[in-house]
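Undergrad: Quick one, fold the following:
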Amino acid sequence: MRRVHAAAAALAATGVRVRHLHSTYIPGDETAFHLFEADWPDSVERVLHEAGLEAERISPAIAAPEEGSEEARVTGEGMRCPEPLVRR
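TA: Residues are numbered from 1 along each chain as shown. Next up, the predicted model:
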């Protein structure tokens, strides 16, 4: 997961708007989920390529505020995550 974070930081340093937010690895399934903030799915693909990984698919994600949170009371709905949740 450090390779993903480092690759995102290196690409962002070149002016590409991409940020690695979180990764979850599921050893029993040999699967990893990576959450990024990016303008384009291609940016995420570049990060993964530089990290030596390949995405099975890249999908937009929507973050839902926790029930009872200030955000939920103000908006009444989930927030849109800028870009993709990646499943490997």
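Undergrad: any idea how far stretch 39-56 is from the chain center?
TA: 10 Å (CA atoms, centre = their mean, to the nearest Å).
Undergrad: So, low pLDDT: which residues of this structure?
TA: Flagging of the chain using pLDDT under 70 yields the residue ranges 68-88.
Undergrad: Please, where are all the strands along it?
TA: 18-26, 31-38, 57-59, 62-63, 79-80, 85-87 (DSSP state E).
Undergrad: could you dump these to JSON lines with mean neighbour count?
TA: (Each C-beta comes from the backbone N, C-alpha and C, glycine too.) Formatted as JSON lines, these follow (neighbours: other CB atoms under 10 Å):
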{"stretch": "strand 18-26", "mean neighbour count": "15"}
{"stretch": "strand 31-38", "mean neighbour count": "19"}
{"stretch": "strand 57-59", "mean neighbour count": "14"}
{"stretch": "strand 62-63", "mean neighbour count": "12"}
{"stretch": "strand 79-80", "mean neighbour count": "11"}
{"stretch": "strand 85-87", "mean neighbour count": "19"}
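Undergrad: Mind putting those into JSON lines with distance to residue 8?
TA: Conversion of these to JSON lines gives the following (distance: least, CB to CB, whole Å):
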{"stretch": "strand 18-26", "distance to residue 8": "4"}
{"stretch": "strand 31-38", "distance to residue 8": "7"}
{"stretch": "strand 57-59", "distance to residue 8": "14"}
{"stretch": "strand 62-63", "distance to residue 8": "18"}
{"stretch": "strand 79-80", "distance to residue 8": "20"}
{"stretch": "strand 85-87", "distance to residue 8": "11"}
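Undergrad: So which of those is nearest residue 50?
TA: Set against residue 50 and scored by CB to CB, the strands of the chain come closest in strand 18-26, at 10.7 Å.
Undergrad: and the closest one, what does it pack onto?
TA: Strand 18-26 sits against helix 2-12, strand 31-38, helix 41-50, with contacts defined as 3 or more CB pairs under 8 Å, 6 or more residues apart in numbering; DSSP states H and E.
Undergrad: quick one: which of these is nearest residue 59?
TA: Per CB to CB, nearest to residue 59 of these: helix 41-50, 8.8 Å.
Undergrad: Which of the residues in that closest one are classified as buried?
TA: In terms of neighbour count (16 or more other CB atoms under 10 Å), helix 41-50 has its buried residues at 41, 43, 44, 45, 46, 47, 48.
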